[in-house]
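Participant: following is a predicted model, sequence given first.
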2 protein chains.
Amino acid sequence: MSSPRITLKDLAKELQLSPSTISRAIAGHPAISESTKKKVRKKAEELGFAPNSIAAGFRKKRTHSIGVIVPKIDVHFHSLVISGIEDLAYREGYNITIFQSKDSIDREKEIAKILQNRLVEGIIVCLSNETKSYTHFKKLVKLGVPIIFYDRVPTDFQANKVVIDDFGSAFKATEHLIEQGCKRIGHIAGNQGTPIFKHRFEGYKAALKAHNIPYNPDLVLETQNLSYEEGAISARKLIALPQIPDGVFCSNDYTAISAVQVFQKAGFKVPEQIAVVGFSNYPISQVIQPNLTTVNDRAFQMGEAAAKLLIRQIEDEDNAIDFETITLKTDLVIRESSLRKK
Amino acid sequence: MSSPRITLKDLAKELQLSPSTISRAIAGHPAISESTKKKVRKKAEELGFAPNSIAAGFRKKRTHSIGVIVPKIDVHFHSLVISGIEDLAYREGYNITIFQSKDSIDREKEIAKILQNRLVEGIIVCLSNETKSYTHFKKLVKLGVPIIFYDRVPTDFQANKVVIDDFGSAFKATEHLIEQGCKRIGHIAGNQGTPIFKHRFEGYKAALKAHNIPYNPDLVLETQNLSYEEGAISARKLIALPQIPDGVFCSNDYTAISAVQVFQKAGFKVPEQIAVVGFSNYPISQVIQPNLTTVNDRAFQMGEAAAKLLIRQIEDEDNAIDFETITLKTDLVIRESSLRKK
DNA sequence: ATTATTTATGCAAACGTTTGCATAAACATA
DNA sequence: TATGTTTATGCAAACGTTTGCATAAATAAT
C-alpha cells in the first residue's frame, strides 16, 4: 500500500541526469539551467519525491533541530515558553524536540545523554528543581552544543541565560501595595532554595526598606512549592496573627488566589481590608473575583528570546560570543485585588 | 574550545580494531568477546565518544522520532495531551517534535510538508479548526507514515483516531442536572461546525428526551469559540429570558465559569437557583467558588493512548492493522456548582 | 580558426554508522 | 593429524545526499 520512497537517484535515472544535477536543480543552484530545473521539478512533483532530510542533514552535519527540556509541559508557564520557542524556531526553519524532566535530576541526566548524539544543534533548558550540579550539561557544552537556560538557571556556572528581573518585579509589586496605602505587608514566599523565589523575597524586603517600613518576619511565610493548598494554609496563618496584614505579596498566582479566597471567607474585604498581589499573570488571574493584580512574567517572550539567542549562537560562524544573559522586562498588571482607588 | 567529535573510526584506530567491531562492541553484540567489549567501553568513556545517532538512523532508516501537530501548545488541554505523549514516547525510546498549526490550515499544510522528509516515523495530530480537507495528510499516509488523530479528528476520512465520547459525556452531564432536580436546562454550545461540539449538543438533547423534558431552543446558545467573554454574554441572555433556566450545561469550563459569575452578580445562587456543569476539568474548576462540576476529558490519557497506538503501528512489521479508533472513557467530576446535596 | 571564457553537467568522494559475508584463529572431534 | 565447529574479528558495501573539481559544450574574444 505504501509505495517505495523516491530518491534523487531514481529521479536521476528517470531523467537521464546525474544525481548531483538533480540535487542542485532542486536546491536552485545558479549553475543549473532554467530548463532542466523546470524538468526536474516537474518530475519530482510527478513521482512525489520528498528529499530525505536525514540524509542531507547527515551529509551537511545539520539537523535544524533544537532540544527543549522543561520540568513539566502542562505547567502553563512552560507551555507558554515552549509556544514562544516554537514560534520563533519555526520562522527560522528549526523544529523543536521536547523532553520533560519531571523535576527529576536522574531523568534530566538521561535526557542530556540522549541529546549528546547529534540529534540537536542546541538546547534550551529550564532546570529541574532537584538539579544542584551541572556536569551533565558541561559535557554537552564541551562537545560544542550551545545551551540556553531560562527561568531556573544555574547559579555557579557560566552559561547563557534568559531570566526576568525577579528582584525588581517583586520590588515593584510590593511598592505598589505601599502606594495603595498598605502599612503591614505580608509575603507568601516560594522555596528559598530556589534562587528566583529568593530574589522575589529580597525584592519585597528592599521595597519595604526603601519606604521605611520595618521588616517583620512574622509576616513572611515560606512554602515548599507555592501550591494552592499551601497558599490557603499561609493565608490562615496571616489572619490568625495578633495584627493582621493589610496587604500581601505572593510569589505566584495560585497562592495569591487561595489567599484571596481565605480572606473573603473569613469576612475580610479584598482589596479594601487586605490587598493582594500575585506573580505570573496566569489566565486564572483575570477570571477570579476580584481580578488579581499580578506580575506579567512574559513567558512567551522568554521563549522567543531563548530561541533567538540559541539560533544566533548556532549560526555564529566564528563563535565569538562567550556567554550572554538576557533579562526581560516585566510589568505589573494592576487589577481589582489591590486597587483601593483614589 | 569544543573538541572535535570522536567517531567509531577514531576509536577503532586508537584500539587497533575495525569500526565494525567497535560498533558491535558498543551495541553489545554477542559475537564480540567480553574482554574487547570492556576495552572498547573503557576507551569510549575515556575519549567521550557519543555515537552519532543521525548517522545510525540514516543507515537503519529510523529516527525514533514522532511528530506532533497541535493548534496551540499553551492551551491547557493540548499541553496535557502532549505531556501524555511525551511520557509514553520517552518510555518507549522515542522523542517528540512539536509543531503548532495556530489553527491555520496553511501552516498545517506547511508542517505536513516538512514532515514528509523522513524526520519522523509517525505523526499525532489535532486538526486546526480551519481544516476541511485532508489531502496534505493523505499524502503522508501514502508515503507509509502512520498518523493518529486526536480530539478534533477528520470525519469523512478513514484514519486512526483517539477521541472521547462527547455525546455520552454530555448526556451524563445533563442527566446529572436532571437528577439534581433541574427542569429547565440551558446549554452554552461550541461552534456547531466542529463535530465534538455538535456531539455534545446532541448528547444534551438526548438526555432531555430520555427524561421527557421538552427541548427548548431558546435555552441553547451557540458561541464561536467558547471564550470566557462569550460565556458571559450567553449567560446574560439566559437570565434575560422570561423563564430563566434552573440549570446550565456548558461545553467548556471557561464559559461555565463566566456563567457562574454572571449568575452570582445578578443575585442568583449557584447551585441552589441555577446549577452549572462545565466540560474539560481545567485546573481553574477546582479553584473557582463554588468549585465547578465538570467532565474530566482525560487529556493526559488521550496523549498516552495516541502515542501507544502510533508506536504500535510504527513497529508493526507486517502492517496488518488498517485503521483503529479508540474512544476513551470520561467521568463526571461532581463538585459544588451543581450539587444540591443528597 | 584558434584561444579564452562562460555555462551546464558529471564524477566520485565523503559524512558515520550498520551488517551480510568472509576469514582467521582457536578449539573440539574423529 | 586431518577435519569440522565454534568464536572473534575484519572487509566492504550501503544508506541518500552534497560538493569540490574536472570536463564537455557553447559562446565570446582575438
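Facilitator: Structure received.
Participant: what's the burial count for the residue in the stretch 51-200 of chain A positioned nearest to chain B?
Facilitator: Across the stretch 51-200 of chain A, no residue is closer to chain B than A:Gly144, which sits at 3.0 Å (CB to the nearest CB). Bear in mind the C-beta positions are built from the backbone N, C-alpha and C, glycine included. A:Gly144 has 14 neighbours, counted by other CB atoms under 10 Å in any protein chain shown.
Participant: how near is A:Ser23 to B:Leu328?
Facilitator: Counting by CB to CB, to the nearest Å, the gap from A:Ser23 to B:Leu328 is 46 Å.
Participant: if we can go back for a sec, so for the residue of the stretch 51-200 of chain A closest to chain B, what's the pLDDT?
Facilitator: At A:Gly144, the model reports a pLDDT of 90.
Participant: what's the answer for A:Leu119, then?
Facilitator: Reading off the model, A:Leu119 has pLDDT 88.
Participant: again, but for A:Ala320
Facilitator: So A:Ala320 comes in at 68 (pLDDT).
Participant: same thing with A:Lys342?
Facilitator: Confidence score, pLDDT, at A:Lys342: 58.
Participant: what does A:Tyr94 give?
Facilitator: A:Tyr94 is given a pLDDT of 97.
Participant: surely it is in contact with A:Gly67?
Facilitator: No. Judged on CB atoms under 8 Å, A:Tyr94 makes no contact with A:Gly67 at a distance of 10.6 Å.
Participant: between these two, who's got more neighbours?
Facilitator: It is A:Gly67, of A:Tyr94 and A:Gly67, that has more neighbours when counted by other CB under 10 Å, with 25 against 21.
Participant: can I get the helix or strand encompassing the more buried one as CSV, trimmed to CA atoms?
Facilitator: Of the helices and strands defined by DSSP states H and E, A:Gly67 is found in strand A:65-70. Below are the C-alpha coordinates for strand A:65-70, written out as CSV (Å, rounded to 0.1, in the frame of the first residue of the first chain):
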residue,chain,number,x,y,z
SER,A,65,16.5,20.8,15.4
ILE,A,66,16.7,22.2,18.9
GLY,A,67,16.1,20.3,22.1
VAL,A,68,14.0,21.7,24.9
ILE,A,69,14.0,20.3,28.4
VAL,A,70,11.3,21.5,30.7
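Participant: neighbours of A:Asp316, how many?
Facilitator: Neighbour tally, A:Asp316, other CB under 10 Å: 11.
Participant: not counting sequence-adjacent ones, nearest residue to the closest residue to chain B within the stretch 151-300 of chain A?
Facilitator: Using CB to the nearest CB, the closest approach of the stretch 151-300 of chain A to chain B is made by A:Ile284 at 4.9 Å. The shortest distance from A:Ile284 to any residue other than its chain neighbours is 4.9 Å, reached at B:Ile284 (CB to CB, 6 or more residues apart in numbering or on different chains).
Participant: ok, that neighbour to A:Pro283 distance?
Facilitator: Counting by CB to CB - B:Ile284 and A:Pro283 are separated by 8 Å.
Participant: same check on A:Asp10?
Facilitator: A:Asp10 is 51 Å from A:Pro283, by CB to CB.
Participant: and for A:Arg59?
Facilitator: As for A:Arg59, its distance to A:Pro283 is 45 Å (criterion: CB to CB).
Participant: ok, now A:Ser33?
Facilitator: 56 Å.
Participant: settle it for me: which of these two has more neighbours?
Facilitator: Neighbour count, other CB under 10 Å: between A:Ser33 and A:Pro283, A:Pro283 has more, with 16 against 11.
Participant: contacts only, for the residue nearest the centre of chain A.
Facilitator: The residue lying closest to the centre of chain A (CA atoms, centre = their mean) is A:Val81, at 3.9 Å. With contacts defined as CB atoms under 8 Å, 6 or more residues apart in numbering or on different chains, the neighbours of A:Val81 are A:70, A:126, A:150-151, A:299-300, A:302-303, A:306.
Participant: all good on my end, thank you.
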